[in-house]
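J.: sequence first, then the predicted structure, then my questions.
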Amino acid sequence: MIRLGYSYLSLPEGFYSRNQPEAWSAPSLVELNTPLCRDMNLDPQALTDYFLRPELRAQMPCPFAQAYAGHQFGHFTRLGDGRALVIGEYSTPDGRIVDLQLKGSGRTAYSRGGDGRASLRAMLREYLMSETMHWLGISSSRSLAVVRTGGRIRRERWQDAAVLLRVMNSHIRVGTFEFAANMLTEADLRALVDYSIHRLYPEVAGDEHPVLSFFHRVMQRQVDLLAQWMRVGFIHGVMNTDNTSISGETFDYGPCAFLNAYNPATRYSSIDEHGRYAFGRQPQILHWNLIRWMESLLPLLHPDPKRALLIAQEAVDAYPERWRVAYSDMMAQKIGLPPGNSESEALIGELVRMMEGGGWDYTQTFHALTYGAMADGKVDDPALISPYTNRDPVFVARGSVEYNEKAKNSQVTDGHQLTDGHHLTECHQLTEGPWVNCSAEPYSLSEAHRAFSAWHPRWMAAVDRAPGGRARARLRMLASNPVFIPRNHRVEEALDEAEAGRLDAFHRLLEAVTEPYRYRVEFKDYGAPPSEAFERAYQTFCGT
Ligand code: AMP
Ligand code: MG
């Protein structure tokens, strides 16, 4: 039996409700992450037994669903784990306490109209995406197992139901604080802050102003996390405040997907009609989410509400500069320059305009720069930018201009007015230009190619001037620029096959992304982006 703890239940009762998972008619193990079991010192057999032997499950302490609220697409809603249960907290060999959480385990007190279930397809998708993020070196929930329950559920069509067992340092999110601030008492809110600090940021407990230090720590973790997302072209797809973790981990992989052709307006989620959560909007949305978080912390900042508001405003106003530094240091490394390099911002700004104007594939562009395929400064032959194939189109998704334009023109306007009239404002640096690096218009297709010839020698000169020169640059680039990301068409192909009971394609894709920075010729086909037609039509779903 797995030994589990329940520290979360020390919080006031409003924060959770106890609930057993529903009975599964014919459970069968689809995927088990044995390397992760090994790392966690978890017995794979004990896990398998947990799923397949209901009598053992019944002997374990009662799992619980967490209560929370959140802003979904800008609107405040009362939420909670409607289809998830924390089965307990597990102590890892490296001394961390992590949540083991079941997703798709049946209805809870917070299910509202939902059935509490999840599809096999959506759970395998989350398994693949979360493991990809981990292997890309990006903080994320991890996936331990996917089990088909034997049931069927209706989503866009009838599908097999499944549960996912995932691991996370904590599922506490911005929405947990919004819930406490709006639905519980100030003492409850204080208890949540104390618990979160104790569990996730114990180093700030002794600070002069622990709540403020806590905010700054989380803000920095989230900023760093987002910079990592942008590094690999990750679009979360549903950055609601209930999906923004306090631990700084990526989680809730519903409609996420990776960018192909560089365009900051790219969004794949079927419900994100206006591009609120588009690739280039993510920095602004994170700021917005952190402001909502800060609003819920206001009563704990200072007994005088006016003073509290001033402290809060100053703290959230630190975001744009922190983001600028994180983003520009991250992008500098993608072109081989050290953090803080004075030339990198201009070089990156230009490169981004070229990528957008030329519709260049984000991953392949940096891969080609890393491996020198662009060394002679020419890109008009797509084969140069695509080290994999001469056949597949590289310049994809140019056709998406229509929705991109719509997305660009939309604004994140739904500011949340606190009931007492206190209201934090966003910093203009972000609201005026919602897109990353959009100070200048993208180049046209022909300009992009010409611009590259001028850019290339400037880039080389900057690399040569930086300490360590080209050799050091190459190392930075190898570590920052993945070769294999889960390309949308590959993900769908793997999931189609898996739904039909064949897991080979899923395993092969998983293997490709398990070493995402190392080019391996046998995975050559996994480097190519989808066709333009595929990209144009591609949509992702929340899986709810
Ligand atoms: P998500 O978009 O996965 O972050 O979910 C948003 C909210 O909807 C969360 O409170 C979920 O627990 C809830 N939810 C999603 N799917 C279901 C479902 N099938 N049954 C009940 N609640 C759900
Ligand atoms: Mg969620």
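T.: Structure received. Ligands and ions are numbered 1, 2, ... in the order given.
J.: what are the ranges of the strands in the stretch 151-300 of the chain?
T.: Assigned by DSSP state E, counting those that start in this stretch, the stretch 151-300 of the chain shows strands spanning 158-168, 234-235, 257-258.
J.: OK, contacts around the closest residue in space to residue 114 that isn't next to it in sequence?
T.: Sequence neighbours aside, residue 82 is the residue nearest to residue 114 in space, at 4.9 Å (criterion: Cβ to Cβ, 6 or more residues apart in numbering). (C-beta placed from N, C-alpha, C; glycine too.) When contacts are counted by Cβ atoms under 8 Å, 6 or more residues apart in numbering, residue 82 touches 65, 107, 108, 110, 111, 112, 114, 116.
J.: now do residue 82 against ligand 2, distance only.
T.: 9 Å (Cβ to the ion, to the nearest Å).
J.: what about the longest helix in the chain?
T.: The single longest helix within the chain, with elements called by DSSP state H, is helix 210-232.
J.: show me the shaky parts of this protein.
T.: Residue ranges of the chain with pLDDT under 70: 373-423, 425-440, 544.
J.: where do the strands of it begin and end?
T.: With DSSP state E, the ranges of strands along the chain come out as 16-18, 28-32, 64-66, 69-72, 75-78, 84-91, 97-103, 118-119, 142-154, 158-168, 234-235, 257-258.
J.: what about the residue lying closest to residue 343 once chain neighbours are set aside, how many neighbours?
T.: Excluding the flanking residues, the one nearest residue 343 by Cβ to Cβ, 6+ apart is residue 462, at 4.3 Å. Neighbourhood size, residue 462 [other Cβ atoms under 10 Å]: 20.
J.: what's near enough to touch residue 462?
T.: 337, 341, 343, 344, 347.
J.: got a list of what the third one touches?
T.: Looking back up the chat, that one is residue 343. Contacts of residue 343 (Cβ under 8 Å, 6+ apart): 337, 458, 462, 465.
J.: neighbour-wise, give me the winner out of those residues.
T.: Neighbour tally across these (other Cβ under 10 Å): the maximum, 27 neighbours, falls on residue 337.
J.: against ligand 1, how distant is the residue lying closest to that one once chain neighbours are set aside?
T.: Nearest residue to residue 337, sequence neighbours excluded (Cβ to Cβ, 6+ apart): residue 344, at 4.5 Å. Separation of residue 344 from ligand 1 (Cβ to the nearest ligand atom, to the nearest Å) stands at 36 Å.
J.: so residue 344 is in contact with residue 328, correct?
T.: Yes: assessed by Cβ atoms under 8 Å, residue 344 is found in contact with residue 328 at 6.3 Å.
J.: higher neighbour count, these two?
T.: Using other Cβ under 10 Å as the criterion, residue 344 and residue 328 rank with residue 344 on top: 23 against 20.
J.: now do the contacts for that one.
T.: Listed by Cβ under 8 Å, 6+ apart, the contact set of residue 344 reads 328, 331, 332, 335, 337, 462.
J.: how about the second one, nearest residue that isn't a chain neighbour?
T.: Nearest-residue entry for residue 331: residue 348, 4.4 Å, with adjacent residues in sequence omitted and distances by Cβ to Cβ, 6+ apart.
J.: how many neighbours does that neighbour have?
T.: Residues near residue 348, counting by other Cβ under 10 Å: 22.
J.: what do you get for residue 95?
T.: 6.
J.: got it, and residue 469?
T.: Neighbourhood size, residue 469 [other Cβ under 10 Å]: 12.
J.: and the stretch 1-150 of the chain, which residues reach ligand 1?
T.: Where the stretch 1-150 of the chain comes near ligand 1, counting by Cβ under 6 Å from any ligand atom, the residues are 79, 80, 81, 82, 83, 84, 111, 114, 115, 116, 117.
J.: hmm, back to that, can I get the strands of the chain in a markdown table including distance to ligand 2?
T.: Below are the strands of the chain laid out as a markdown table (distance: least, Cβ to the ion, whole Å):
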| stretch | distance to ligand 2 |
| --- | --- |
| strand 16-18 | 16 |
| strand 28-32 | 21 |
| strand 64-66 | 11 |
| strand 69-72 | 8 |
| strand 75-78 | 11 |
| strand 84-91 | 8 |
| strand 97-103 | 10 |
| strand 118-119 | 12 |
| strand 142-154 | 15 |
| strand 158-168 | 12 |
| strand 234-235 | 16 |
| strand 257-258 | 17 |
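J.: of all these, which one is nearest residue 5?
T.: strand 84-91 (4.3 Å; Cβ to Cβ).
J.: the closest one packs against which elements?
T.: strand 64-66, strand 97-103 (3 or more Cβ pairs under 8 Å, 6 or more residues apart in numbering; DSSP states H and E).
J.: what's next to the first one, contact-wise?
T.: Yep, that's strand 64-66 we're talking about. With Cβ under 8 Å, 6+ apart, strand 64-66 has contacts from 6, 8-9, 15-19, 80-82, 84-86, 108-110, 171-172, 176.
J.: if any of these are buried, put those into a ChimeraX selection.
T.: The ChimeraX selection below is limited to those of the contacts of strand 64-66 classed as buried (16 or more other Cβ atoms under 10 Å):
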select :6,8,9,15,16,17,19,80,81,82,84,85,86,108,110,171,172,176
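J.: count the residues that sit near the closest residue to residue 155 other than its chain neighbours.
T.: Spatial nearest neighbour of residue 155, chain neighbours left out: residue 119 (5.7 Å); criterion: Cβ to Cβ, 6+ apart. By other Cβ under 10 Å, the residues close to residue 119 number 25.
J.: residues contacting residue 119?
T.: Neighbour list for residue 119: 104, 153, 155, 159, 160, 161, 162, 543 [criterion: Cβ under 8 Å, 6+ apart].
J.: what does residue 98 give?
T.: Contact analysis of residue 98 by Cβ under 8 Å, 6+ apart lists 40, 89, 90, 92, 167, 168, 169, 170.
J.: what is the burial count for the closest residue to the fifth one other than its chain neighbours?
T.: Using Cβ to Cβ, 6+ apart and skipping the chain neighbours, the partner closest in space to residue 167 is residue 142 (4.7 Å). Neighbourhood size, residue 142 [other Cβ under 10 Å]: 20.
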